[in-house]
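Asker: my questions are about this predicted structure, shown below with the sequence.
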Amino acid sequence: MSIPIYVLFLLSFFVGVLIASFYGLIDRIRLKSRLRAERKEVSRLTKELESTRSATSPAPGLEPAQESYIEERGIDAPPALEIEPEPEKRRKDD
């Protein structure tokens, strides 16, 4: 009994489709579980960040380092940034 070539090709093609579908299904399940774990991690980190922010509650617009500087010295505003003025450059033709 001889099997026609086109039947052999079709059978091989469908076996390949089944194998690829099986691997795709396994990969999809693995990625879904990884995504679920990552979402839990993001949720946990978000809650931790919110609790840390609410525990420190710095004054609006101030960085934590500025806030501690102000508290230590008992002053009302952060220190101004002091910049030395650039010396005037003389022109050579003067």
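Answerer: Good, I have the coordinates.

Asker: counting neighbours, what do you get for F14?
Answerer: For F14, the neighbour count with other CB atoms under 10 Å is 10. To be clear about C-beta, it is placed using only N, CA and C from the backbone, and glycine gets the same treatment.

Asker: actually, L18.
Answerer: Counted with other CB under 10 Å, residues neighbouring L18 total 10.

Asker: now do R30
Answerer: 10.

Asker: quickly find the element holding it.
Answerer: Using DSSP states H and E, R30 sits in helix 5-56.

Asker: ok, S2 next?
Answerer: S2 is part of no helix or strand, with elements assigned from DSSP H and E.

Asker: and it, how far from I29?
Answerer: When distance is defined by CB to CB, to the nearest Å, S2 is 42 Å away from I29.

Asker: more neighbours: which of these two?
Answerer: Neighbours were tallied for S2 and for I29 using other CB under 10 Å; the higher tally belongs to I29 (10 against 4).

Asker: where does the more buried one land on pLDDT?
Answerer: Looking at I29, its pLDDT reads 98.

Asker: next, the contact list for it, please.
Answerer: Taking CB atoms under 8 Å, 6 or more residues apart in numbering as the definition of contact, I29 has no neighbours.

Asker: any idea how far it lies from I3?
Answerer: For I29, the distance to I3 - CB to CB - is 36 Å.

Asker: could you do A20 as well?
Answerer: For A20, the distance to I3 equals 23 Å [CB to CB].

Asker: K40: neighbour count?
Answerer: When neighbours are defined as other CB under 10 Å, K40 has 10 of them.

Asker: check R39 too.
Answerer: Other residues within reach of R39, judged by other CB under 10 Å, total 10.
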